[in-house]
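**Q** can you look at this prediction? I've put the sequence above it.
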Amino acid sequence: MSAGEFASLNLGLAVEDEPRRVLANHELLAREAGAPVAFGRQVHGAAVVEVDQPPSGGRPTVGTGDALVTRRRDLALGVVVADCVPVLLADPGRGVVGTAHAGRAGLVAGVVESVVEAMRAKGALELRAVVGPSICGRCYEVPAALREEVEAAVPGTASTTSWGTPALDLPAGVVSRLRAAGVGQVERLGICTFTDERFFSHRRWGADGSRRGRFAGVVRLA
């Protein structure tokens, strides 16, 4: 329902799109998911929100946190991104799903470990995860000192851009943390939001002047 430079299913309420159009997009998403879709107010941290009720009051957020978990089958969980890593997790056999918003700060803070721990506290044993579209290690340029700082905290994230400058590979870091946490099945989609124009990209906005909308990853117990 979004128009102009946002013309698509923009799901970000903290951008310059018209809120009524964004909420209409959320209604379309809920219709597609077959259930209300709950989102956290993401702050690049590691807090987990346990979702026991659907969103209310016409707003999709259910609390402040970069990870969500639920056992309910009548709602879905979502994570909005535009270069950060969307992580979707499930143990369908035991009826637990979760999401994580893994940007650089959240990854270092331990959001991946936090959501896995919270899901296990709800009975999950055999977790599987999908690591969705995000900026890749060949495009996410950072200062050299920052690359070394993050690599020290999350080994395997240090990278180099395609043009030869220091970079971070956040999806690789997420995969490493998932496996270290004992998640047995991890699928990395390998789609770069910076280069694939199907997706919103915060970094690409700075490069070509496009608006910073948000897309989402969604998971639901069927």
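**A** Okay, I see it.

**Q** and the pLDDT at the residue of the chain positioned farthest from its centre?
**A** Residue farthest from the centre of the chain, counting by C-alpha atoms, centre = their mean, is residue 164 at 27.2 Å. pLDDT, residue 164: 98.

**Q** from residue 173, how far off is it?
**A** Distance of residue 164 to residue 173, given as C-beta to C-beta, to the nearest Å: 21 Å. (Each C-beta comes from the backbone N, C-alpha and C, glycine too.)

**Q** also residue 110?
**A** From residue 110 across to residue 173, the span is 11 Å (C-beta to C-beta).

**Q** compare the two (neighbour count), which wins?
**A** A count of neighbours by other C-beta atoms under 10 Å puts residue 173 above the other of residue 110 and residue 173, at 27 against 17.

**Q** secondary structure element for the more buried one?
**A** Element membership of residue 173 [criterion: DSSP states H and E] is helix 170-180.

**Q** name the residues that touch that helix?
**A** Outside helix 170-180, the residues that touch it by C-beta atoms under 8 Å, 6 or more residues apart in numbering are 84-85, 87, 102-104, 107, 112-113, 116, 129, 131, 134-137, 140, 150, 154-157, 159, 186, 188, 190.

**Q** alpha carbons of the helix or strand just after that helix, as CSV, please.
**A** Using DSSP H and E, the helix or strand that follows helix 170-180 in sequence is strand 185-188. The C-alpha atoms that make up strand 185-188 are tabulated as CSV, following Å, rounded to 0.1, in the frame of the first residue of the first chain:
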residue,chain,number,x,y,z
GLN,A,185,20.1,-27.2,11.0
VAL,A,186,21.1,-23.8,9.8
GLU,A,187,20.2,-22.5,6.3
ARG,A,188,21.8,-19.3,5.1
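
**Q** strand 185-188 pairs with which strands, parallel or anti?
**A** Here strand 185-188 has these sheet partners by DSSP bridges: strand 128-131 (parallel).

**Q** from the contact counts, what lies against the helix or strand following the partner strand?
**A** Note on strand 128-131: by DSSP H and E, the next helix or strand toward the C-terminus is helix 144-153. Contacts defined by 3 or more C-beta pairs under 8 Å, 6 or more residues apart in numbering; DSSP states H and E place helix 144-153 against helix 104-109, strand 158-160, strand 166-168.

**Q** and helix 144-153, what's buried?
**A** 147, 150-151 (16 or more other C-beta atoms under 10 Å).

**Q** same list (those residues) but as JSON lines, adding pLDDT.
**A** As requested, the buried residues of helix 144-153 are exported to JSON lines (pLDDT from 0 to 100):
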{"residue": "147", "pLDDT": "98"}
{"residue": "150", "pLDDT": "98"}
{"residue": "151", "pLDDT": "97"}
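
**Q** just give me the closest of those to residue 50.
**A** Nearest to residue 50 among the buried residues of helix 144-153, counting by C-beta to C-beta, is residue 150 at 28.5 Å.

**Q** mind listing what the spatially closest residue to the closest one that is not a sequence neighbour touches?
**A** Leaving aside its sequence neighbours, residue 150 sits nearest to residue 157 (C-beta to C-beta, 6 or more residues apart in numbering; 5.2 Å). Residue 157 makes contact with 107, 137, 147, 150-151, 168-170, 172-173, 176, according to C-beta under 8 Å, 6+ apart.

**Q** just flag the most distant two among the residues you listed.
**A** 147 and 176 (15.5 Å).

**Q** where does the residue nearest in space to the middle of the chain fall, secondary structure wise?
**A** Note on the chain: the residue nearest the mean C-alpha position is residue 86, at 2.3 Å, using C-alpha atoms, centre = their mean. For residue 86, the host element (DSSP H and E) is strand 85-91.
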